[in-house]
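Trainee: Structure of the sequence below:
(one chain, ligands or ions: 2)
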Amino acid sequence: TTDAVWLAPGEPQEIQSDLVSRFHEEYGRPASGTWFAPGRANLNGEHIDFHAGRCLPMALAHGTYVAAAPREDGLLRLRTLDASLDDGVTTVFADQIGLRAEPGAEDALKDGAAGHWSQYVHGALWALRELGTSQPDFQVSEGFGADILVVSTLPIGGGLSSSAALECASILAFVALGTPLGQQNPLDDLNAALTREHRKQLAAACVRAEVEVVGAGTGGLDQTAAMRARAGKVLSLDCRDFSVQPLDIGCILRGYRLIAVDTGQAHRLADGQFSDRRADAEAAAQLLGFERLRDALPEKPRKADVLHVLEEFDRLAEQLESVGGRDIGACRRRLRHALTEMVRSEKLHHLLSGEAYGVRHITSTVGDILTAGHMSMRDDAEVSFTVADLVVETALAQGAEGARLIGGGFGGSVLVLIAPAGLPRLTAALERISRNIRLIDVAPSAAAHAL
Ligand code: ADP
Ligand code: MG
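Mentor: Ligands and ions are numbered 1, 2, ... in the order given. The predicted structure follows:
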């Protein structure tokens, strides 16, 4: 029965062939191809991408598949096979997305289908068009449209970044079917034709889709993971310039496993709580006189540097009850989360990049950092919730090396580092917490690609 709680990534070939035949039924013509983008789990780096911090994501084997065929009448027709979101085919005028998104008219675009899942997809096409105005490789051809069918093996709204997976798989489909880069390369050569720089640009375009079209306050971590991750590696992503360094994760995983526990409690990032937390942290930055909190710390931040910034904050905040209309105590807690999270990322980077050669119990050190990250998410960022706290406590009680909430919070998943021998007991204990809990094996996987 324990198999029932595992959410398998499935066989990509089987998922593709099923999707492609559903596509034919739906649109009465064959799909031109299928594109995939993975979800992600983070070792560390929550709520700090938009403060230029360092994040440590890995791509999952689970992700989102998009089958598509081009149209020349400028229509985008979309359908998702996700049972809870499927409401048949949605039709959007692809050209009008571009027109309505002219500077100053972004609001009209947002109103178009506010809150509908299809925004993530037509947002990606809008952002690709925008990118194409300065990058000839990505110039979207006139009148371009597409028929699209989506299926995902990720929990939706589960903190594993199904939104970025949808944007990134979609944008690859649009690149392949509607741009010079796609036209110059046969479909199965697209993976080779996409340079690192291309991938970086496409990730940035997907951020624009989510921020400017969907209206969610994402900072780029999720899209970078989906577009630029490497199999077997954790990506050390410096959000100051979005440079990435793939680091070997083997040293942690030798004899251990990373599991993402989907609590079954979905969140809606666009809901406002996330933006609230972000506004608190921004107000703290403003009081300190920095645009991004990363700038408040030195090149290799350590704990002492955090204390120093907090003292400075307290000095400036004396006499104040609020800053920028935000409660001063809340701002201080968000500040402390951001700063300590940056220090944790730095420590992990140091450990994983081999600079800490000779650290004896690297797995338990990493585990302790994970757990400290959870406490910070719970007490300082204040984005945790009852089931997540319970899952963390349960995992630690069952002998896990460490556990933490990942993703934006207010729902989502917990990452657990544990020896395989402890898994059966953990699974049984989790089943007692909630029947909606699902376990996902975190096997650091490859970035978005054409199938
Ligand atoms: P997360 O990225 O953590 O899964 P988000 O709230 O950021 O959570 O994104 C979830 C939203 O993304 C869904 O509400 C839906 O609008 C969209 N989405 C993601 N995957 C799919 C899918 N397979 N089909 C349709 N919409 C999807
Ligand atoms: Mg998301």
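Trainee: Output stretch 249-262 in PDB, but only the C-alpha positions, please.
Mentor: The C-alpha trace of stretch 249-262 is given here as PDB (Å, rounded to 0.1, in the frame of the first residue of the first chain):
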ATOM      1  CA  ILE A 249      25.100  16.700  -5.300                       C
ATOM      2  CA  GLY A 250      26.500  13.100  -5.100                       C
ATOM      3  CA  CYS A 251      28.400  13.900  -1.900                       C
ATOM      4  CA  ILE A 252      25.100  14.500   0.000                       C
ATOM      5  CA  LEU A 253      23.100  11.800  -1.600                       C
ATOM      6  CA  ARG A 254      25.600   9.000  -1.100                       C
ATOM      7  CA  GLY A 255      23.500   6.600   1.000                       C
ATOM      8  CA  TYR A 256      20.600   9.100   1.400                       C
ATOM      9  CA  ARG A 257      17.600  10.300  -0.500                       C
ATOM     10  CA  LEU A 258      15.900  13.600  -1.100                       C
ATOM     11  CA  ILE A 259      12.100  13.400  -1.000                       C
ATOM     12  CA  ALA A 260       9.600  16.100  -1.700                       C
ATOM     13  CA  VAL A 261       6.500  15.600   0.400                       C
ATOM     14  CA  ASP A 262       3.500  17.200  -1.300                       C
END
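Trainee: and that stretch, which residues are buried?
Mentor: Ile249, Cys251, Ile252, Leu253, Tyr256, Arg257, Leu258, Ile259, Ala260, Val261, Asp262 (16 or more other CB atoms under 10 Å). All C-beta spots, glycine's among them, are computed from the backbone N, C-alpha and C.
Trainee: how far out from the middle of the chain is the helix or strand that the third one is a member of?
Mentor: According to DSSP states H and E, Ile252 maps onto helix 250-253. A distance of 22 Å separates the centroid of the chain from that of helix 250-253, by CA atoms, centre = their mean, to the nearest Å.
Trainee: contacting residues around that helix?
Mentor: By CB atoms under 8 Å, 6 or more residues apart in numbering, the surrounding residues in contact with helix 250-253 are Gly232, Leu258, Leu351, Leu352, Gly354, Ile362, Thr363, Val366, Leu417.
Trainee: same question for it, mean pLDDT?
Mentor: What helix 250-253 shows for mean pLDDT is 82.
Trainee: try stretch 309-317
Mentor: For stretch 309-317, the per-residue pLDDT averages 97.
Trainee: same deal with stretch 287-297?
Mentor: In the prediction, stretch 287-297 has an average pLDDT of 97.
Trainee: pretty sure Glu291 is touching Ala281, no?
Mentor: No: under the criterion of CB atoms under 8 Å, Glu291 is not in contact with Ala281, lying 11.8 Å apart.
Trainee: Tell me which of the two has more neighbours.
Mentor: Ala281 (26 against 11; other CB atoms under 10 Å).
Trainee: For the closest residue to ligand 1 within the stretch 301-450 of the chain, list the residues it contacts.
Mentor: Proximity of the stretch 301-450 of the chain to ligand 1 (CB to the nearest ligand atom) peaks at Gly407, 5.3 Å away. Applying CB under 8 Å, 6+ apart, we find Gly407 in contact with Asn42, Glu46, Gly158, Gly159, Leu160, Ser161, His267, Ser413.
Trainee: Could you pull up the residues touching the closest residue to Ser364 other than its chain neighbours?
Mentor: Nearest non-adjacent residue to Ser364, counting by CB to CB, 6 or more residues apart in numbering: Glu401, 5.4 Å away. Glu401 sits next to Tyr256, Thr363, Ser364, Val366, Gly367, Asp368, Leu370, Leu417, Ile418, Ala419 when contact means CB under 8 Å, 6+ apart.
Trainee: Secondary structure for the residues you listed - can I get that in TSV?
Mentor: As requested, these are arranged in TSV below (DSSP: H, G, I helix; E, B strand; the rest coil):
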residue	secondary structure
Tyr256	coil
Thr363	helix
Ser364	helix
Val366	helix
Gly367	helix
Asp368	helix
Leu370	helix
Leu417	strand
Ile418	strand
Ala419	coil
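Trainee: if we take the residues you listed, which one ends up nearest to ligand 2?
Mentor: Minimum distance to ligand 2 across these is 20.8 Å, recorded for Leu370 (CB to the ion).
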